[in-house]
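Colleague: got a predicted structure here, sequence first:
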Amino acid sequence: MTPVRRILLVDAYDSFSNNLAALIRLVTHAEVHTIKIDAYNHREFQGFLKSFDAIVIGPGPGTPTNDEDVGIIPRIYKLPEEEIVPVFGVCLGFQSLCLEFGATISRLKVVKHGQSSIIRHNGNDLFQNCGEVDAIRYHSLQAEMNEEALKKLEVLAVADDGPEENGEVIMAVKHKELPFWGVQYHPESCCTNLDGAKVVANWWKMATRWLSEKGRTSQPLPEGWVVPLEKQTLLGMPPIPPKRELCYQSFHAPCLDIVELCDLLEVRTQQKFAMLDSSAKHTGRYTILGVFIPGTTDTYTWRVGDDCLYSETFGKPGRQEARINVEPSPYGIWSDLANQMAAFAATGGDDECPFWGGFIGYFNYEAGVSTLGVDLASPRGDEREGRVQIPDVNVSFFHRSIVVDNISGKVWVQSFELRDDEWVLEMTEKIKLLAAMSITPTTTPPNEVAGNGMVTQPRSTVSSSARLATTTAVAEPLFSASEVKVTQPEMEKYMANVRNCQRELAKGESYELCLTAQTSVDVEVPFANAGEEDSSWKIYKHLRKRNPAPFAGYYRAAGTTLISSSPERFLSWNKDGNFQLRPIKGTVRKAKADGTIATRREAEEILNTPKERAENLMIVDLIRHDLHGVLDGQEDEDGGVKVSKLMGIEEYETVFQLVSVIEGRMGDRMREEGFTGLDVLHRSLPPGSMTGAPKKRSVEILQDIERGADEGDNCGERGVYSGVFGYWSVCGGGDWSVVIRSMYRFDEEFENENGHRREEGMSKRERWRIGAGGAVTALSDPEGEWEEMLTKLNSTLAVFQ
Ligand SMILES: C=C(O[C@@H]1C=C(C(=O)O)C=C[C@H]1O)C(=O)O
Ligand SMILES: NC(=O)CC[C@H](N)C(=O)O
């Protein structure tokens, strides 16, 4: 029997390296172990190299001429003869190989990010049995040969970009004597064709031949070879069998109006409220409400830098330290959240219902950035005087909940609070009565659900008060112009930032950057006395009509109010371990300059261009990488990561979007070990569609660029915008959207402005923050990006106008 081979993948902090690892694992059946370029010094590195049969050097940001970008990589080519192993370099890895043996590294005239090329090869060596290679490229730099380099290296393939662009660009080389190969393009991209991916199999054939000719075998892994952190669960204790039994009632109430249901729960006057709302029913389907119980429901908050999670209980003053960890965990508060969930796992609910209670809330952008080991734009601890301190994590844990299926009209009232049948029954009766009191037009057609799960006939049930609300909402603006002050990004600065991003792209520092900017809206609102409707609810109702969205929602807790009308699912999973991500990248505004509305066909034309498709592809590859990172290497499952929809066009209220769907699976064994959806969420933040690729370097660049433009009080922080908002249910499932087309407020921001004399008739100021942006690539046009940002901004800003 041939021994198990081991391949070491050296990762230069790229966002595609896990895809490469997955491809290599698939093709070679070898074990693939990934280390970062700077994780070990060269002595340590040389020490454990004996345990590996080959090395793959991955792609990455930056340039091989910069020591920091390549770390340990150059050492690999300088190993003493008896320690040499076969090498396969991809992109940055390929460039480092070329540089080492004398080639020069120069910038491309026209950079290629997420674009495909036909690769010209002679059918030999790496390209044996390869037909036409259609390959995806992600590079700004190229390797150029000279006499010295050609003594050592042989060129195996080129791409001809034509005289207008880069001319011939080298796409593959091999070393003439040593077992070193490299390719400039990305065999692991989901849009590189099979012939392009075959180079990995060909390399492995040649590598293993070389190993047997030399009689090389690897030694066992060194003692104490660490399991990478990402292969450890967040859960800081053994999984516990479910203890809680869910008590629920379910019934059909197709006439139920969501706004009225919220009114029944006294949304107008509550300081705390949690609703995830599918106000547009494609993709999103359910409306989920967490019900706060005085004295019981805890809201957990954390700011980056805090050394523990805090909790406050609804109806009780103050907050406490909440340490749920049994043992200190390297994951800090993320383990606390996983442990809290483990302690409350429930059984007995309806399998049809996605949420049985559990967490609802948000993880903001900075919480996500902190998981990457990137320092924040404005360091915590030296806060500017008076700056608002919005929690970076803000989630509430619900024992009681109400779920509405907006397609079938089914409603669930649920609780896993002990002996709570009475509440469940009472609430059920109240909701049934509410639904019965709603007016259903006699012409209401029955609900029809098409095979694809889309509603063919909307549930056109309009209650009397909702109808009234619609009329008033459309007839009158929510605020008069004098009550609203909008501070928007400046066009010149935004466009300059697009160019700043493009400068980084040209240098090879990033392949795509999702640039964003902050807008703030100050409004004068009447001070809401006890029992009066809070302005946030008025705004939410308005937005719900103006910009219906599958991932809308309204969340008020820990002094923060978030109103969302997001079209984008970040990550969902069900209790059987099936995961889905739905990145959006590529946006066309429906309203055209001439006042007409763009048709779907026109949108298709624009979205089917190389620019838009490249933008989307880069994020698809990045998301695949994130998912592979957690789900790969399962012994009984391969993670099953696949792209189930590539660049479909979806229509929303104000825009058309290009959407892809990526799926994966967490097998039984992983789940038995204690892995949950939170492990995947934690390892995938912040959402790749809001950063660009490669994620870590892009986040660093964006922090610098956005801070430079930010003269407001955000100091370059994105806050809740660009984070995720959703739920994690005690039944095991979860669903999180990307916080875009949204706004948030820190409730107490101007609390002291008018002193404490809050009286009837007085007004108070509140500030809503809205972020908006878009992906910048080398193909972007600054003015187009500015327009795109404004379009997205206006989908929410419009409620104030
Ligand atoms: C940045 C935003 O949206 C993101 C950027 C998109 C794009 O570049 O096309 C599309 C959806 C989002 O992932 C935003 O809405 O503010
Ligand atoms: N994908 C990569 O490895 C890119 C390598 C290098 N940063 C370039 O842009 O050319």
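Modeller: Here it is on my side, so go on. Ligands and ions are numbered 1, 2, ... in the order given.
Colleague: off-centre distance for stretch 103-119?
Modeller: For stretch 103-119, the separation from the chain centroid amounts to 27 Å (computed by CA atoms, centre = their mean, to the nearest Å).
Colleague: ditto for stretch 181-188
Modeller: With CA atoms, centre = their mean, you get 26 Å for stretch 181-188.
Colleague: ok, stretch 4-16 next?
Modeller: Worked out by CA atoms, centre = their mean, stretch 4-16 lies 23 Å from the chain centre.
Colleague: same deal with stretch 255-265?
Modeller: That offset, for stretch 255-265, works out to 31 Å (CA atoms, centre = their mean).
Colleague: OK, contacts around the residue in the stretch 151-300 of the chain that ligand 1 sits nearest to?
Modeller: Nearest residue of the stretch 151-300 of the chain to ligand 1 (CB to the nearest ligand atom) works out as Thr283 at 13.6 Å. Heads up, the C-betas are built off the backbone N, CA and C, glycines and all. Thr283 sits next to 550-551, 569, 582, 650 when contact means CB atoms under 8 Å, 6 or more residues apart in numbering.
Colleague: what's the answer for Leu221, then?
Modeller: Contacts of Leu221 by CB under 8 Å, 6+ apart are 6, 48, 51.
Colleague: out of these, name the ones that lie in helices.
Modeller: Phe48 (DSSP state H).
Colleague: a markdown table please, covering the contacts of Leu221 and showing pLDDT.
Modeller: Shown next, in a markdown table, are the contacts of Leu221 (pLDDT from 0 to 100):
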| residue | pLDDT |
| --- | --- |
| Arg6 | 95 |
| Phe48 | 91 |
| Ser51 | 95 |
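Colleague: any idea how far the residue of the stretch 151-300 of the chain closest to ligand 1 lies from Val724?
Modeller: As judged by CB to CB, to the nearest Å, Thr283 and Val724 stand 15 Å apart.
Colleague: of the contacts of Leu221, closest to Pro489?
Modeller: Taking CB to CB as the measure, Pro489 sits nearest to Phe48 out of these, at 49.5 Å.
Colleague: which ones are touching the closest one?
Modeller: Counted by CB under 8 Å, 6+ apart, Phe48 has contacts 40, 221-222, 225.
Colleague: same thing but 7 Å
Modeller: 222, 225 (CB atoms under 7 Å, 6 or more residues apart in numbering).
Colleague: start at 40, not 1
Modeller: Okay, using 40 as the starting number, the last item reads as Phe87.
Colleague: what separation do you get for it and Leu620?
Modeller: Computed as CB to CB, the Phe87 to Leu620 distance reads 34 Å.
Colleague: try Thr272
Modeller: Thr272 is 21 Å from Leu620, where distance means CB to CB.
Colleague: higher neighbour count, these two?
Modeller: Leu620 (28 against 20; other CB atoms under 10 Å).
Colleague: what residues are up against the more buried one?
Modeller: Counted by CB under 7 Å, 6+ apart, Leu620 has contacts 609-610, 662, 666, 701.
Colleague: helix or strand for Tyr349, which one?
Modeller: For Tyr349, the host element (DSSP states H and E) is strand 348-352.
Colleague: need the residues that contact that strand.
Modeller: 334-341, 357-361, 372, 375, 597.
Colleague: could you identify the most distant pair in those residues?
Modeller: So, these by CB to CB: farthest apart are Gly334 and Ile372, at 23.7 Å.
Colleague: ok, these two, which is more surrounded?
Modeller: Of the pair Gly334 and Ile372, Ile372 is the one with more neighbours under other CB under 10 Å, namely 25 against 8.
Colleague: not counting its neighbours along the chain, what's nearest the more buried one?
Modeller: Distances taken as CB to CB, 6 or more residues apart in numbering put Leu348 closest to Ile372, at 4.3 Å, once the chain neighbours are dropped.
Colleague: could you measure that neighbour against ligand 1, distance?
Modeller: The span separating Leu348 from ligand 1 equals 29 Å under the rule CB to the nearest ligand atom, to the nearest Å.
Colleague: and the gap between that residue and ligand 2?
Modeller: Distance, Leu348 to ligand 2, using CB to the nearest ligand atom: 38 Å.
Colleague: ok, now Leu260?
Modeller: Using CB to the nearest ligand atom, Leu260 is found at 28 Å from ligand 2.
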